[in-house]
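> A structural model of the following input is requested.
(chains A, B and C)
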Amino acid sequence: MRHVLEGSHAVSEAVRLARAQVISAYPITPQTHIVEQLSEYCANGTLNARFLRVESEHSALAALIGAASSGVRTFTATSSQGLALMHELLHWASGARLPIVMAQVNRAMAPGWNIWADQTDSLAQRDTGWVQFYCENGQEVLDTTIQAFRLAEWVNLPVMVNLDAFFLSHTYEPVDVPDQKSVDSFLPPYKPRFQLDLANPCAFNQLAPPNIYMEMRHNIQMAMDEAFTFFEQMEEEFGTILGRRHGAVEAIRCDDAEVILITSGTVTSTSRQVVAKLREKGEKVGLLKIKLFRPFPLNLLRELTKPASKIAVIDRNFSFGASGIFAQEVKAALCNFPGHPPVYGYVAGLGGRDITTEVIEDIYWLTKNSTAPENESSWVGLREVDHAVGQS
Amino acid sequence: MVEIRFHGRGGQGTVMATILLAKAFFRDGYYVQSFPLFGVERRGAPVEAYLRLDQSEILIRTNVYTPDHVVVLDQTLLESIDVTVGLKKGGWILLNRPSLPANLDSFSDYSLAVVDATHIALKNSLGTRTQPIVNTAVMGSLARVLGIPSMAAISEAIREEIPRQPKANIKAAETAYQKVKLVGEIEKNMQI
Amino acid sequence: MAAQQTPTNRTPLLIPCSYLTTEGNKTGSWRFLRPRYEEKTSPCSAACPAGEDIGRVEMLTAQGSFKEAWETVMMENPFPGVCGRVCYHPCEQQCNRKEFDEPVAIHSLERFLADTASRYELQLSLQKLESKKQKIAIVGSGPSGLAAGYFLTLLGYQADIFEALPEPGGVLRWGIPLYRLPLSILNREIAQIRELGVQIHCGKSISQEFWRGGKSEYDAIFLGCGHSRSVPLKISGEDLAGVKDGLQFLADIRRGEVSALDGTAAVIGGGNTAVDTARSAARFGAKVILIYRRRRQDMPAFAEEVEMALEEGVELWELQTPVNIAAQDGDFVVTLQHMHVIGKDGQRKARVKPDSNKKKKIRVQHLFKAVGTEASETWYEPPKKTRGMLRLSNCVLLHKSREPTLVYGGDLVADIKSVAHAVASGKQAAIALDILFHEGLDAVRPRLQSCLVAEGPSISWETYIGGPRSLRNQRVVRYSDLNTDYFQFAPMMIQPRLLPEERFQSFAEINLKIGASLAIREAERCFNCGLCNQCDNCQLFCPEIAVTRDNNPRGRHINYDYCKGCGLCVVECPRNAMILEEELLCDTS
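Just a heads-up that it's a prediction; the model follows:
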């Protein structure tokens, strides 16, 4: 049934439907609405889960690592500085092969203090061994969170579902909330492949010397590869039961596109409108949405960008000393393919600056009218500012 | 697509008004999207919230810059904020105040509607004298100004979402629907 | 080496930086909850029959402000020296600290303050209220009568005490052995009451004719005649010559009329008088047997006193009751019936019944009866219910139109007969009369209600006269209300005492004085439940720096422009001297 739901509450509903058993989180804007709702569900019995209140994000994830080790379905949510505080345990969760699911609201890192949308927080955790999704709207957030449990439990890796601060987390829009029965048939109760068990005592995650550590790392990479293939199967199944599929990547009018825009998160939604408008004007533009960031959908990307003569990547994130992170990833994916289209990197919308239809159109025209990329990334909409701080 | 911008102060229920209206419009078959101006919200500070409605799916996920209509929940904001920024010509400005403003020059490109939502809220014991909760009265008057959504949808949305005093809130919305004054387009040198 | 070259085009720096004051950001507007300073009542104070402000007394003691501490006691009780020795200290049983480690030694500290006042000859600086025209006669100079005189005088009345015996003090002088209460202590505290202006007329016994027929010059008469007659055993032989009354024996010792006791002495009874009698008899050389019909744990005497009696060689025979006394060659042969426990009565005392025909005989040279006392004249006690009578928690008021108002107080009306209750009785009587004279009979109950300590029955004189304590919330602080993270474990002080063999030699006081450093250390153990001791945690922890020290009586205030209602101050207040309330936003009335 469709309801007008806040993006944050789309996550909460998904976690309720997924019948999470242990939830632990520490409040942080703009994530708080998610766990606020869940704590209420736990308190009033709507969700039969243990809600652990903790003193920090580090403890929240540590608590879930313990809970997940005992073989239960676990969930946490955080954002920005909170995710940064979890960093050590992000590695631990994946190394321990625990299927923890996290909703991560993309918010800028401080300082300057900023609570608005920016993907650098989660992209900075790219090498921690978590599966990462970036969502576009409330419906996708709800669906992906439910799928995340299924995927995590299949490959034994933790999954992070990312949603843009405010543009998604605080926006109300119609969302179809599936019934419990359908979700139950898609997501059966969690059957752990290993767990702490009093009847069969053992210890996990002790010393792994050089003669075995590397194999364990490789095993994680095998799981990542499996995550990609399993995701596609799982989406088929989800589509059969609930009638929706979103795809690891989605290509919109790319078949005959000369310029393909590559986006992630809510920018995709706005870009759909821009692309439609430009197409009406006869522009040969396509849009490629990247939803699955880890494992990175290399082959799909290579395949889908083939027709284009130029690629423009819009990054609401940045790797200092290099470029926008999606742009890097796209370049890395294509570099071994001779004759691949040139990749234009654009940085926009950092710290919640709006990426309007005009900004996206500008990026299109800049790309179309350029003969070759002039630099690794162009910063869109930089303003003249007074650098009146400190001694010159 | 119709875009409406709401101006109020933290604590008046401005954001709640947009959410309730989104739900009411959704009941009447519209696609909706509502969100606050993303900031550090707190009581008494100026607050902005937006509502988009359309017959088809709303894809745009940016702030609202050129609203079709503007709703002002707190008349004291007129002193500090230009509520007409970006407002499309001929768009409605719905003001919560006891009577028409004396100087209408700044509204000359728009249509004006006035409702004493504060009075209606207090009559229905919503909030306190210093902090009246005017959002439901404003919703009722907006329904009259735009002709949408239906009062039935507004009542349903209130009943579902407001656990405290739902009856008083519905009454306030209905009263405001009746009492709102639609001045319409302001002409130069119009005598009031 | 070449000189270092400074690049000319250095990249400008852009970081967040503000030179504006953050005062413009009134974080108080975020508040949903409002913290407030509100002192509450400590459980010891609520448990003290005399309603002493113990939490504050210990705070002042810990700060070394001994005079202020002593005066704070004196505000509620003119007998800290006496009570610091003989009170059964129910305060310590209610002390929140006992949940943490051990209770605070409130009893010893009270005595310390009185000893300190005596040592430095501190003068009382309590202000008497303006003189009133009414005069009050007080019959009996026991603790209730003296307390009534004290508080009436402080309220501005003329109070005359009439005492039948040659010296004042009642049971304090004649009924409590010197090893528990030296005379100098009693004399000093009575002298203080006299200095305040209370007239004590000794050797003057009063009869009912004193006020009958409207002849009296007094507006009210307080009857605090006490219980001075022993309750009979109701067995044959109890009136034989030489069978002595315990209370009488104690008075005889005071008068110097007792010499050495040879042989064995039996004392019948289990109350404080029985134990005092037994221990006194032992000091005169007798081998003493204390005979009680129930068990040791059922004895009404203070447990500590029983313990010391046994240490001093007194033998306790439990579950024995005398059924016959016979004289034989100058000795007494007492027939004792064995009793056995058949259950419990309402409280915790065992119910006992004779155990068939198990009996035994004991031959003793001295026999003392001490099974209870009663009023020596029936008119000392209040009549059954009549018009104009008000039964209050610690006294009974009988208001008459033509005759003076009568107030029955002290042991005559007390359920628990203790000095602290006697003080409570005198205080309540004084306040009740003041209310009666000013506002009439109907106002007595409600006005008394308003100066209760917690839910009562103790009454605070300070609250009645409108002192700072009247602003305090009557809610009693529970252990769970405190933040004990700020307290460290420390055992209760050990009261220094004479050794049993030393005690045995004389009537010298058993409990020894404690020094100031020990007293301060013990007082520092006090949680000061519900009271602010200016620890400054609220200021220290306030993230908005909204707690400001100033000159108001609380020493600080909260700047609500900036207090965002996080409640940290309330949580970090170790003593529960603050509360957090919901900010009233929506008045839906």
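> rest of the way, CA atoms for contacts and neighbours
OK.
> any regions of chain B where pLDDT drops low?
B:38-44, B:186-192 (pLDDT under 70).
> point to the residue nearest the middle of it.
Centroid-nearest residue in chain B, with Cα atoms, centre = their mean: residue B:71, separated by 3.9 Å.
> surely that one is in a strand?
Yes - counting by DSSP: H, G, I helix; E, B strand; the rest coil, one finds residue B:71 located in a strand.
> okay, and residue C:437 sits in which element?
Element membership of residue C:437, judged by DSSP states H and E, is helix C:419-439.
> only C-alpha atoms, please: export that helix in PDB.
Output of helix C:419-439 as PDB, limited to C-alpha atoms (Å, rounded to 0.1, in the frame of the first residue of the first chain):
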ATOM      1  CA  VAL C 419      13.400  12.500  74.500                       C
ATOM      2  CA  ALA C 420      13.200  13.400  70.800                       C
ATOM      3  CA  HIS C 421       9.400  12.700  70.900                       C
ATOM      4  CA  ALA C 422       9.100  14.800  74.000                       C
ATOM      5  CA  VAL C 423      10.900  17.700  72.200                       C
ATOM      6  CA  ALA C 424       8.600  17.200  69.300                       C
ATOM      7  CA  SER C 425       5.600  17.400  71.700                       C
ATOM      8  CA  GLY C 426       6.800  20.600  73.300                       C
ATOM      9  CA  LYS C 427       7.500  22.200  69.900                       C
ATOM     10  CA  GLN C 428       4.200  21.200  68.500                       C
ATOM     11  CA  ALA C 429       2.300  22.400  71.600                       C
ATOM     12  CA  ALA C 430       4.100  25.800  71.300                       C
ATOM     13  CA  ILE C 431       3.300  26.200  67.600                       C
ATOM     14  CA  ALA C 432      -0.200  25.000  68.100                       C
ATOM     15  CA  LEU C 433      -0.900  27.600  70.800                       C
ATOM     16  CA  ASP C 434       0.600  30.300  68.700                       C
ATOM     17  CA  ILE C 435      -1.700  29.400  65.900                       C
ATOM     18  CA  LEU C 436      -4.600  29.100  68.300                       C
ATOM     19  CA  PHE C 437      -4.000  32.600  69.700                       C
ATOM     20  CA  HIS C 438      -3.600  34.300  66.400                       C
ATOM     21  CA  GLU C 439      -5.900  32.400  64.000                       C
END
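> packing partners of the very next helix or strand once past that helix?
The helix or strand immediately downstream of helix C:419-439 is helix C:444-450, counting by DSSP H and E. With contacts defined as 3 or more Cα pairs under 8 Å, 6 or more residues apart in numbering or on different chains; DSSP states H and E, the packing partners of helix C:444-450 are helix C:419-439.
> domain ranges for chain C?
Domains of chain C are assigned by automatic domain parsing as C:24-39+C:532-582, C:43-124+C:475-524, C:135-228+C:375-450, C:229-371.
> quick one: those as JSON lines, columns for distance to residue B:21, mean pLDDT and mean neighbour count too.
Output for the domains of chain C, formatted as JSON lines (distance: least, Cα to Cα, whole Å; pLDDT from 0 to 100; neighbours: other Cα atoms under 10 Å in any protein chain shown):
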{"stretch": "domain C:24-39+C:532-582", "distance to residue B:21": "26", "mean pLDDT": "91", "mean neighbour count": "18"}
{"stretch": "domain C:43-124+C:475-524", "distance to residue B:21": "45", "mean pLDDT": "95", "mean neighbour count": "19"}
{"stretch": "domain C:135-228+C:375-450", "distance to residue B:21": "53", "mean pLDDT": "91", "mean neighbour count": "21"}
{"stretch": "domain C:229-371", "distance to residue B:21": "66", "mean pLDDT": "91", "mean neighbour count": "18"}
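> how about the ones you listed, which one is nearest residue B:151?
Judged by Cα to Cα, the one of the domains of chain C that comes nearest to residue B:151 is domain C:24-39+C:532-582, at 33.0 Å.
> tell me if that closest one is near chain B.
Yes - Domain C:24-39+C:532-582 reaches chain B (Cα under 8 Å from any Cα of the partner chain) through C:29, C:30.
> and for stretch A:43-58?
No - using Cα under 8 Å from any Cα, stretch A:43-58 never reaches chain B; the gap is at least 15.8 Å.
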